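In: any chance you could fold what I've pasted below:
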Amino acid sequence: MRLQTLSGCMALLMACLTPSVEAQEFHGYPCTQDCSGHEAGYAWAERNDITDPDDCGGNSNSFIEGCMAYAEEHEESQSVRSEDCNETTDDCDSE
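Out: Okay, the predicted model is just below:
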């Protein structure tokens, strides 16, 4: 009986210590570890007002993907804003 209890405790302990293989994502891009590279690329693109994914570069795929995530989100909002300007008589060149 003690052996069964001991092996049950060991199995439970091993299950708790096994890292989760649940994949993380950052704005639709898969992260390999903690998404810190994606976060850095996103923050850089935000600071530099990057709205074209083709303007993203760097030495790290995760950094580039983070930058692209920001640019893709803001590329869409730029497109909507341009369409709104075309439909009104407001001067949108000042944006």
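
In: next one: G57 from G41, what distance?
Out: As for G57, its distance to G41 is 10 Å (criterion: Cβ to Cβ, to the nearest Å). In short, each C-beta sits where N, CA and C put it, glycine included.

In: what is in contact with these two at once?
Out: Counting by Cβ atoms under 8 Å, 6 or more residues apart in numbering, the shared contacts of G57 and G41 are I64, C67.

In: residues in contact with G41?
Out: G41 touches C56, G58, S60, S62, F63, I64, E65, G66, C67, M68, A69, Y70, counting by Cβ under 8 Å, 6+ apart.

In: could you rerun that using 6 Å?
Out: By Cβ atoms under 6 Å, 6 or more residues apart in numbering, G41 lies in contact with F63, G66, C67.

In: burial of the nearest residue to S36 once chain neighbours are set aside, as a residue count?
Out: Counting by Cβ to Cβ, 6 or more residues apart in numbering, S36 lies nearest to S62, which is 7.8 Å off, once chain neighbours are set aside. S62 has 22 neighbouring residues, counting by other Cβ atoms under 10 Å.

In: ditto for E39
Out: E39: 16 neighbours (other Cβ under 10 Å).

In: find the nearest non-adjacent residue to it, please.
Out: G66 (6.2 Å).

In: from what I can see that neighbour touches H38, true?
Out: Yes: counting by Cβ atoms under 6 Å, H38 is a contact partner of G66 at 3.7 Å.

In: now do I64 against Y42, distance only.
Out: 11 Å.

In: for the two, indicate the residue with more neighbours.
Out: Y42 (24 against 19).
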